[in-house]
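Peer 1: A structural model of the following input is requested.
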Amino acid sequence: MNNRIFSALATLLMLAGCSSSNTSTDVPPPVIDTTTDIVTIGTISGFGSVISKGIEFNTDSATVTMDGLPGNLSDLQIGMVVSIRGVVNDTTGAATANAISFSDEAEGPITDLDPATNTFVLLGRTVFFDEFTVFDNVTVDTLANGNVVQVSGLWRSQERIQATHVERKANAYVDGMQMEVKGEISGLDIGTQHFNIGMQACDYSVAMLDLGGADLIDGLYVEVSSTAPLSNGDLILDRIQAHDRDRDRDQLCDSDCDFDMDGYVTAFVSPTEFDVDGSPVTTTSNTVYVNGTVDTLALDIKLAVSGTIDTAGVLVADRIVFRLPSLIEVQADVEAIDTGNAELTVFGATITTNESTMFRDHSVAAVREFGLDDLAIGDRVAIRAYMDGNTIVATRLEREDSDDTVTLKALVESVDRPSVTLLGVAVTSDQDTVFQNTAFEIIDADTFFTLVDLDSLVKAEGTYDGTSVLADKLFLRECENNCL
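Peer 2: As a prediction, this is how the structure comes out:
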C-alpha cells in the first residue's frame with residue numbers, strides 16, 4: 001500500500017482521537033467512503049483473493065486476461081507477473097481488483113542451459129533464474145535443454161528476462177506446438193523478409209501482420225508466434241503482433257491513480273531519468289529511499305517504486321525500495337509457529353513473515369490458498385530470507401514433502417575446523433563430506449578451510465540432530481546475478 005493510502009488512514013486515526021464538544025444528542029456526520037484508483041505490476045505472492053506487491057485484492061468481480069484472451073482466477077499461479085487495476089477504500093484500506101492481466105515473455109524449447117550462471121536461452125532471449133523463480137512441473141535440477149517452457153518475468157537491460165515463473169509444458173518440442181516470444185525488432189531485411197528478436201532469427205514471409213497501424217521497422221516491440229519447427233535456425237512466423245512495451249500501462253493508469261511496480265532498472269541516464277521494467281521513471285527531492293540512497297540507482301538494480309503518473313506518462317516516484325538478496329536458505333522441519341506475530345522457528349532461529357512474503361504449498365497437499373495458518377509443527381519448509389538488522393525476514397516460504405536431509409545456507413559467523421557456524425548452528429564436516437568452491441569445482445577439506453572466512457556464503461546439506469548439522473556437502477557460494 002503506498003504513501004497516499006497510509007496518509008489517508010493516518011489522518012482518519014488522528015481525527016478519531018480528537019476531543020469533541022458534541023453532546024449525546026448531536027448527530028454524527030455521515031461517513032462517506034472514498035476510494036483511490038490503484039495499479040500494481042508485480043509477481044503474485046499468494047492467494048485467498050490475489051496478493052501482489054504486499055496488497056491483498058478482493059477478486060470477486062475482477063476480470064482476468066491471459067495473454068490477451070479471457071481467463072479465470074484458477075489460471076493464475078504463484079510467481080506470475082501480473083498487472084492489477086483496482087481501487088482502495090481510503091477509510092478501511094480494503095483493496096478490490098477490477099482487472100487482472102497476465103502476459104508471458106516467451107514460450108518454446110530452451111537452449112544453452114548454464115547452471116553456473118543460472119541462465120538459459122529461450123527463442124533468442126537470455127533468461128536468468130534465481131531464488132525468487134517459481135518452477136512448475138520441473139525443478140531447477142531437472143530443467144534440461146530442449147524442455148518446452150513458458151516464462152513469466154521482469155525485464156532487465158538488453159532485453160534479457162529475469163524469470164519469476166517457469167512452467168514446463170513438455171519435455172521436448174513436437175510439430176504444431178505454439179512458440180512465441182516478445183521483443184524489439186532488429187536487423188530488419190525487407191528483401192529476405194527476416195528480422196531478429198534478441199538472438200533469434202525470424203522469417204516473416206508467411207506471417208499475418210497485426211501491427212495496429214504501425215510500420216514494421218527496427219525498434220518496434222512485437223510478439224511473434226509460430227507453430228512450425230525451426231528451419232535452419234529460423235523461427236518461421238505465422239503472426240506478428242505489435243505491443244506496448246510498458247505492459248499497456250497507459251491503459252491501466254492515468255495521472256490520478258496510485259502506481260506501484262516491481263522491476264529492474266532497464267535504462268539509466270540519471271536519477272531523474274531512467275526506466276524500470278521498460279517504463280519511464282523520475283525522482284524528486286521528496287523521494288524516499290529504503291535499503292539504499294539515490295546513489296544506489298544504476299542499471300540492472302532491482303527495486304520497487306511507487307508514485308503517480310504525470311501528464312507526460314512518467315512515473316514520479318514517491319518511494320523507492322531496493323530489493324535485498326535473499327542470502328539465507330533453510331530447508332528443515334518447523335519447530336514452532338507464532339501466527340499472532342507472523343513468525344515460525346526453524347533450526348532454533350525465529351523467522352518473520354510479512355505481507356510481501358511469497359507463500360506456496362509445494363507438498364502433495366497442494367493447498368492453493370496457503371499461508372502461515374496452514375502450517376503445523378513438523379511440516380517441512382523451504383525458506384529464502386534476508387537479514388534486516390537482527391531480524392530474519394522470509395521472502396519466500398514453501399511447504400515441501402518430508403525429507404531427512406536438511407539445507408542451511410547463510411553467511412559464516414565463525415570458523416573452527418572441521419566446523420563452521422551458520423545462523424547460530426554448528427555445521428560439522430567429516431571424512432565423507434564433499435566440498436565445493438564458488439566455481440562449482442570439487443575441492444578437498446584443506447582448500448575449503450583455506451578459502452572460507454567470516455562472511456563467506458556457505459551452503460550446507462546434511463542431517464540435523466536438533467542442535468547441530470553433520471554436513472554431507474559444504475559448498476562455497478556467491479550471490480551476483482542470482483542467489484541459488
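
Peer 1: give the residue spans of the stretch 101-250 of the chain that score low on pLDDT.
Peer 2: Along the stretch 101-250 of the chain, the model assigns pLDDT under 70 to residues 245-250.

Peer 1: now do the strands in it.
Peer 2: 106-114, 119-122, 125-128, 134-136, 148-155, 161-170, 179-189, 194-197, 200-203, 208-210, 221-226, 235-236, 239-242 (DSSP state E, counting those that start in this stretch).

Peer 1: and those, which is most packed in?
Peer 2: strand 148-155 (a mean of 24; mean count of other C-beta atoms under 10 Å). The C-beta positions use only the backbone N, C-alpha and C, and glycine is treated the same way.

Peer 1: please name the nearest non-neighbouring residue to residue 203.
Peer 2: Ranked by C-beta to C-beta, 6 or more residues apart in numbering and with sequence neighbours excluded, the top spatial neighbour of residue 203 is residue 234, at 4.5 Å.

Peer 1: how many neighbours does the one you found have?
Peer 2: Neighbour count for residue 234, taken as other C-beta atoms under 10 Å: 16.

Peer 1: quick check: it vs residue 302, distance?
Peer 2: Separation of residue 234 from residue 302 (C-beta to C-beta, to the nearest Å) stands at 34 Å.

Peer 1: one more: residue 131?
Peer 2: Residue 131 is 12 Å from residue 302, by C-beta to C-beta.

Peer 1: ditto for residue 284
Peer 2: 22 Å.

Peer 1: number of nearby residues for residue 462?
Peer 2: For residue 462, using other C-beta under 10 Å, the count is 22.

Peer 1: look at it and report its pLDDT.
Peer 2: Note on residue 462: pLDDT of 97.

Peer 1: which residue packs closest to it, ignoring adjacent ones?
Peer 2: residue 471 (4.2 Å).

Peer 1: next one: residue 362
Peer 2: Going by C-beta to C-beta, 6+ apart, residue 362 has residue 398 as its nearest residue, at 4.6 Å.

Peer 1: surely the one you found is within a helix?
Peer 2: No - if the criterion is DSSP: H, G, I helix; E, B strand; the rest coil, then residue 398 is strand and not within a helix.

Peer 1: check contacts around the residue nearest to residue 462.
Peer 2: 427, 428, 429, 430, 433, 460, 461, 462 (C-beta atoms under 8 Å, 6 or more residues apart in numbering).

Peer 1: next one: it relative to residue 463, how far apart?
Peer 2: Distance from residue 471 to residue 463, by C-beta to C-beta: 9 Å.

Peer 1: just the helices in this structure please.
Peer 2: Using DSSP state H, the helices of the chain run over 3-16, 249-252, 445-451.

Peer 1: for those helices, which has the smallest mean pLDDT value?
Peer 2: Looking at the helices of the chain, the bottom one is helix 3-16 with a mean of 36.

Peer 1: ok now do residue 445, which residues does it touch?
Peer 2: Contacts of residue 445 (C-beta under 8 Å, 6+ apart): 417, 418, 429, 433, 435.

Peer 1: most neighbours, which of these?
Peer 2: Most surrounded of the contacts of residue 445: other C-beta under 10 Å gives residue 429, at 23 neighbours.

Peer 1: can you read off the pLDDT for the nearest residue to it once chain neighbours are set aside?
Peer 2: Spatially, and ignoring its direct neighbours in sequence, residue 429 is nearest to residue 418 (4.6 Å; C-beta to C-beta, 6+ apart). Predicted confidence (pLDDT) for residue 418: 97.

Peer 1: I'd guessed residue 418 sits against residue 428; true?
Peer 2: Yes - counting by C-beta atoms under 8 Å, residue 428 is a contact partner of residue 418 at 5.8 Å.

Peer 1: all the strands of the stretch 351-484 of the chain, in order from the start?
Peer 2: 358-361, 380-388, 391-400, 406-416, 419-422, 425-428, 434-436, 442-443, 457-464, 468-477.

Peer 1: partner strands of the longest one and their direction?
Peer 2: Meaning strand 406-416. strand 328-333 (antiparallel), strand 419-422 (antiparallel), strand 457-464 (antiparallel) (DSSP bridges).

Peer 1: export these as CSV, with columns for distance to residue 261.
Peer 2: Shown next, in CSV, are those (distance: least, C-beta to C-beta, whole Å):
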stretch, distance to residue 261
strand 328-333, 26
strand 419-422, 35
strand 457-464, 29
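
Peer 1: closest one to residue 258 among the ones you listed?
Peer 2: strand 328-333 (32.0 Å; C-beta to C-beta).

Peer 1: what's the burial count for residue 217?
Peer 2: Neighbours of residue 217 (other C-beta under 10 Å): 11.

Peer 1: okay, domains of the protein per the record?
Peer 2: Annotated domains of the chain cover 3-18+31-102, 106-115+140-242, 254-322, 328-400, 406-477 [automatic domain parsing].

Peer 1: tabulate these (JSON lines), appending distance to residue 122.
Peer 2: Below are the domains of the chain laid out as JSON lines (distance: least, C-beta to C-beta, whole Å):
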{"stretch": "domain 3-18+31-102", "distance to residue 122": "15"}
{"stretch": "domain 106-115+140-242", "distance to residue 122": "5"}
{"stretch": "domain 254-322", "distance to residue 122": "18"}
{"stretch": "domain 328-400", "distance to residue 122": "23"}
{"stretch": "domain 406-477", "distance to residue 122": "23"}
